[in-house]
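Asks: sequence first, then the predicted structure:
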Amino acid sequence: MKKLFLFIAIITFSLTGTAQELTWHTDMAKASELSIKEKKPLLLFFTGSDWCGWCIRLQKEVLKTAEFEKWAKENVILVELDFPRRTPQDEAIKAQNYQMQNMFQVRGYPTIWFANPEKTEEGKMNLKGIGSTGYVAGGPKVWLDGASKIVANK
């Protein structure tokens, strides 16, 4: 019995130990550099993580699924632009997120924009939006079909 328990524990640990979590960036400059380097568009997730019911639902039904994880690793660089009400947030991140919200004219949450960063000759970073979406009912397959069509326009 002890051997069986040990065997199950080892298998469970090895499966969870090798699983890689998705990296959600919060620094636009770093994410943009990575996007250019890897030749993948940015997925900009505008969310109210601690108060927005639809944001939480999108996370649960799509963004935290194995299907999304596989798709995201192959297709995009993830950026979370959070607008929490109760969770403390660094002032620099808060300012950056409001700047991005204004740039993309986000009026509600969740909103997801796909964008390609471009470096100018002066060394500044510009973002070219290629499409947006939000919560889409139907689970990860339906959401990913729509996102894949947007990313194909890059």
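Replies: Nice, I can see it.
Asks: pLDDT wise, what is the closest residue to Thr87 other than its chain neighbours at?
Replies: Among residues not flanking Thr87 along the chain, Asp50 sits closest, at 4.9 Å (CB to CB, 6 or more residues apart in numbering). C-betas here are computed from N, CA, C, even on glycine. Asp50 is assigned 97 on the pLDDT scale.
Asks: same question, Gln99
Replies: Predicted confidence (pLDDT) for Gln99: 97.
Asks: again with Thr16
Replies: Residue-level pLDDT assigned to Thr16 equals 42.
Asks: likewise Thr23?
Replies: For Thr23, the model assigns a pLDDT of 96.
Asks: give the burial count for it, as a bare number.
Replies: 12 (other CB atoms under 10 Å).
Asks: then the one 10 residues further on?
Replies: Summarising burial for Glu33: neighbours were counted as other CB under 10 Å, giving 15.
Asks: partner strands of the helix or strand hosting Val79, parallel or antiparallel?
Replies: Using DSSP states H and E, Val79 falls within strand 77-82. Taking DSSP bridges as the criterion, strand 77-82 pairs within the sheet with strand 24-25 (parallel), strand 42-47 (parallel).
Asks: buried deepest among these, which one?
Replies: Of the strands paired with strand 77-82, the one with the most neighbours on average (mean count of other CB atoms under 10 Å) is strand 42-47, at a mean of 24.
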